[in-house]
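Chemist: using only what follows, build the 3D model:
(one chain, ligands or ions: 2)
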Amino acid sequence: MALIAPSLLAADFIKLNDECAMLNKSEADWFHLDVMDGRFVPNISYGPMIIDFIRKTTKKVCDVHLMILDPGNYAEQFKNAGADNLSVHIEACPHLHRNIQQIKSLGMKAGVAINPHTPVSSLSDILHDIDQVCIMSVNPGFGGQQFIPFTLQKIKQLRKMIAERGLNVLIEIDGGVTLDNASSIVAAGADVLVAGNTVFKSSDPIATIAQLRAL
Ligand code: DX5
Ligand code: ZN
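Modeler: Ligands and ions are numbered 1, 2, ... in the order given. All right, here's what the predicted structure looks like:
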């Protein structure tokens, strides 16, 4: 069983309040909130203001995935907006250790996200400092893309690395998760499944969340 983190990127923003209410009623564990700056990734989504609104609708964990350059300049704003978990991209952070220290000192759980081409081994010297790793199973920037199968090897490798070191770091998988591939992702060792389109484009999102959670 994995935790389920629906990505609001695929929600209908004209009825955001209803979408949040639906997630609150469902078995979803986390709200996954994707922040894009049009620089680190070729798309712009939303920022702290929207997260502040979403925070007010829910007591569930707000898991904020920053796909932005210079995340250190904004960490405090995201804390104030109500983020519980804050993940930054390794590829965007030349001073990753400093970013992680900052996130933790602000009282949030710290995560590191890695792009599909970034090896799991690059986490070697930061793994003991963080709470979660977000393995991207698509190229970040857009919802509704196809899961990259090689990600399964990366999950297994990271699971092994975490076990060998006796750490308690969650593995989150983000991108292209469907009802068809979710069980192999969980079997490979994922703890948290992010799902955007699979949940929000479903005819019965609450049932889909329950199905994902039961795998
Ligand atoms: C992509 C985002 C994902 C995205 C997932 O850059 O990080 O969280 O919303 O969407 P799906 O599940 O539709 O691939
Ligand atoms: Zn994401």
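Chemist: so which bits of this structure are right by ligand 2?
Modeler: For the chain, the residues in contact with ligand 2 (Cβ under 5 Å from the ion) are 34, 65, 174. Placement of C-beta: from N, CA and C, glycine included.
Chemist: scan the residues you listed and report the most crowded one.
Modeler: H65 (28 neighbours; other Cβ atoms under 10 Å).
Chemist: what about that residue, distance to F200?
Modeler: H65 sits 16 Å away from F200, taking Cβ to Cβ, to the nearest Å as the criterion.
Chemist: need the helices for the chain, in chain order.
Modeler: 16-25, 48-57, 75-81, 96-105, 151-164, 182-188, 197-200, 205-214 (DSSP state H).
Chemist: and those helices, which is most packed in?
Modeler: helix 197-200 (a mean of 23; mean count of other Cβ atoms under 10 Å).
Chemist: what is that one packed up against?
Modeler: helix 205-214 (3 or more Cβ pairs under 8 Å, 6 or more residues apart in numbering; DSSP states H and E).
Chemist: could you say what helices and strands the helix it packs on packs with?
Modeler: Helix 205-214 packs on strand 3-6, helix 16-25, strand 192-195, helix 197-200, going by 3+ Cβ pairs under 8 Å, 6+ apart.
Chemist: that one vs ligand 1: in contact?
Modeler: No. Helix 205-214 lies out of reach of ligand 1 by Cβ under 6 Å from any ligand atom, never closer than 10.9 Å.
Chemist: this structure against ligand 1: which residues are in contact?
Modeler: 7, 9-10, 32, 34, 65, 138, 140-141, 143-145, 174-177, 194-198.
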